[in-house]
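**Q** Provided below for reference: sequence and predicted model.
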Amino acid sequence: MFQKGSLPASLPADPMPLFAEWLAYAREQKAQRNPDSMALATSTPDGQPAARIVLLKRLVADPGYVVFYTNYDSRKGREIAANPRVAGLVHWDAQGRQVRLEGRVVKSPAAESDEYFASRALDSRIGAWASLQSEPLSSRATLLRRVAEQAARFGTKVPRPPHWGGYRLWLDAVELWNEGAFRVHDRARWTRSLAPDGDAGFIAGPWAATRLYP
């Protein structure tokens with residue numbers, strides 16, 4: 001078990017169970033308005049970066065990936081299609097913890113995206129059809145008109161748009177950071193190799209851990 005303000009004296013071989021424990025703790029404490037918030041950084045092939053907040057909706061400790069959902073035609077979706085290497089950051093200020101993530105992204109299976117989309121609030125499902133995410137918008141009134149049009153079109157039976165779904169971020173680097181007194185923080189990094197395994201994901205090698213100066 002972890003101690004407040006420190007990582008285990010002997011670093012675990014796999015960081016994912018500890019990451020999952022921290023996430024569960026942040027959710028249970030309810031001190032963060034949204035403990036699932038994750039900053040996601042993408043870049044164009046020529047290196048132009050961009051970052052935004054998405055929701056970390058699922059953490060799969062074994063084999064080691066996290067899931068988020070978005071519009072595939074958005075700026076982030078286009079950049080992921082061109083360069084699937086991304087970075088993420090989950091910061092729980094109330095707990096004095098953060099987790100840095102690096103890895104490669106693949107689309108979630110369609111059935112997984114369908115299941116999650118069906119669980120969303122009706123208005124959110126309608127909004128996924130109405131919003132041309134990241135495209136220029138002439139006015140707020142135009143967006144509201146599109147929302148009304150899609151609501152009239154679908155009623156209460158709203159299927160998942162083909163341009164909307166999940167991504168699995170397969171991790172090849174994870175860094176856990178725990179706040180310490182007087183900025184003497186506790187910090188460790190784990191890395192591993194990922195070999196492509198069809199459209200579904202990767203075959204992961206073993207994790208290697210090292211402590212880092214804060």
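**A** Cool, got the structure.

**Q** Tell me which strands the longest strand along the chain pairs with, and in which orientation.
**A** Identified as the longest strand of the chain according to DSSP state E is strand 164-178. Based on DSSP bridges, the strands next to strand 164-178 in the sheet, each with its direction, are strand 65-71 (antiparallel), strand 97-107 (antiparallel), strand 186-191 (antiparallel).

**Q** what's the model's confidence in it, averaged?
**A** On average, the pLDDT along strand 164-178 is 98.

**Q** separation between the residue of the chain most remote from its centre and residue 168?
**A** Of all residues in the chain, residue 152 has its C-alpha farthest from the mean position, at 31.9 Å, by Cα atoms, centre = their mean. Here residue 152 is placed at a distance of 34 Å from residue 168 (Cβ to Cβ, to the nearest Å). For the C-beta atoms, the positions are set from N, CA and C on the backbone; glycine is no exception.

**Q** repeat for residue 16
**A** When Cβ to Cβ is applied, the distance between residue 16 and residue 168 equals 14 Å.

**Q** do residue 84 as well
**A** In this view, residue 84 and residue 168 are 11 Å apart by Cβ to Cβ.

**Q** More neighbours: these two, which one.
**A** Neighbours per residue (other Cβ atoms under 10 Å) separate residue 84 from residue 168, with residue 168 holding more: 22 against 16.

**Q** From what I see, the more buried one and residue 113 are in contact.
**A** No. Counting by Cβ atoms under 8 Å, residue 113 is not a contact partner of residue 168; they are 10.6 Å apart.

**Q** shared neighbours, these two?
**A** The overlap between the contact sets of residue 168 and residue 113 (Cβ atoms under 8 Å, 6 or more residues apart in numbering) consists of residue 107.

**Q** List the buried residues in the longest strand of the chain.
**A** 164-172, 174-178 (16 or more other Cβ atoms under 10 Å).

**Q** What segments of the chain are helices?
**A** In the chain, the helices defined using DSSP state H lie at 16-29, 75-82, 110-119, 122-130, 140-154.

**Q** measure stretch 104-118 end to end?
**A** Start-to-end span of stretch 104-118 (Cα to Cα, to the nearest Å) is 26 Å.

**Q** If you count neighbours, what's buried in that stretch?
**A** So, applying 16+ other Cβ under 10 Å, buried residues of stretch 104-118: 104-108, 112-113, 116-117.

**Q** now do stretch 179-199
**A** For stretch 179-199, burial by neighbour count (16+ other Cβ under 10 Å) applies to 179, 185-192, 194.

**Q** how far does it stretch from start to finish?
**A** Across its full length, stretch 179-199 reaches 38 Å between end residues, using Cα to Cα.

**Q** and what of stretch 76-94?
**A** Looking at stretch 76-94, the gap from its leading to its trailing residue is 28 Å under the measure Cα to Cα.
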